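[1] Quick one, what's the 3D model for this:
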Amino acid sequence: MSSIPDFHEDEPTKKEALYILLGKGSSVYNHSGNKRFRAIINNNVHKYRDASLRKQKTELVTKVFGDMKTSGFRFLKKDGDGVWRMIYDSNAREKLSHALRDRLREIRKSTRRRRNQTTALK
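    You can find the predicted model right below:
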């Protein structure tokens with residue numbers, strides 16, 4: 001089974017939907033490739049959580065990144081001239097790993113908040 005979920009949406013071009021833009025702002029956040037990237041993260045965060053050893057987490061990141069690369073995904077960053085350029089695979093894997101850790105942290109924080117609200121109501 002692929003680590004990349006199906007994603008059905010009308011896209012301007014299929015190629016653009018495979019670009020993951022690095023940066024800040026609503027245009028980057030709302031870019032179709034970034035939306036797909038967040039879906040990939042959400043699809044794999046529980047596997048990442050369940051991996052108890054660092055080696056298992058590394059293997060999962062490597063597999064997800066390999067699946068993404070095979071599917072045509074590319075991580076792009078604006079250079080000093082304002083041109084979008086592909087980043088090195090090692091940097092892209094690190095971005096993927098960081099996104100999984102961040103999402104897992106968000107889930108844990110939300111779970112703690114709900115648990116505290118439930119306890120406060122008793």
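[2] If you count residues, where's the longest helix of the chain?
    helix 89-121 (DSSP state H).
[3] got a list of what the residue most central in space within the chain touches?
    Nearest to the geometric centre of the chain sits I41, at 3.9 Å (CA atoms, centre = their mean). By CB atoms under 8 Å, 6 or more residues apart in numbering, I41 lies in contact with L96, A99, L100, R103. Where you see a C-beta, it was placed from the backbone N, CA and C, and this is true even at glycine.
[4] now those as TSV including neighbour count, pLDDT and distance to W84?
    TSV is the format used below for those (neighbours: other CB atoms under 10 Å; pLDDT from 0 to 100; distance: CB to CB, whole Å):
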residue	neighbour count	pLDDT	distance to W84
L96	23	98	18
A99	19	98	19
L100	23	98	24
R103	18	97	24
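[5] With distance to L76 as extra columns, can I get those in a markdown table?
    Putting these into a markdown table (distance: CB to CB, whole Å) gives the following:
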| residue | distance to L76 |
| --- | --- |
| L96 | 14 |
| A99 | 15 |
| L100 | 20 |
| R103 | 21 |
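[6] Tell me the one of these nearest M86?
    Within the contacts of I41, proximity to M86 (CB to CB) peaks at L96, which comes in at 14.4 Å.
[7] Surely that closest one touches F65?
    Yes - contact criterion CB atoms under 8 Å: L96 and F65 qualify, at 5.5 Å.
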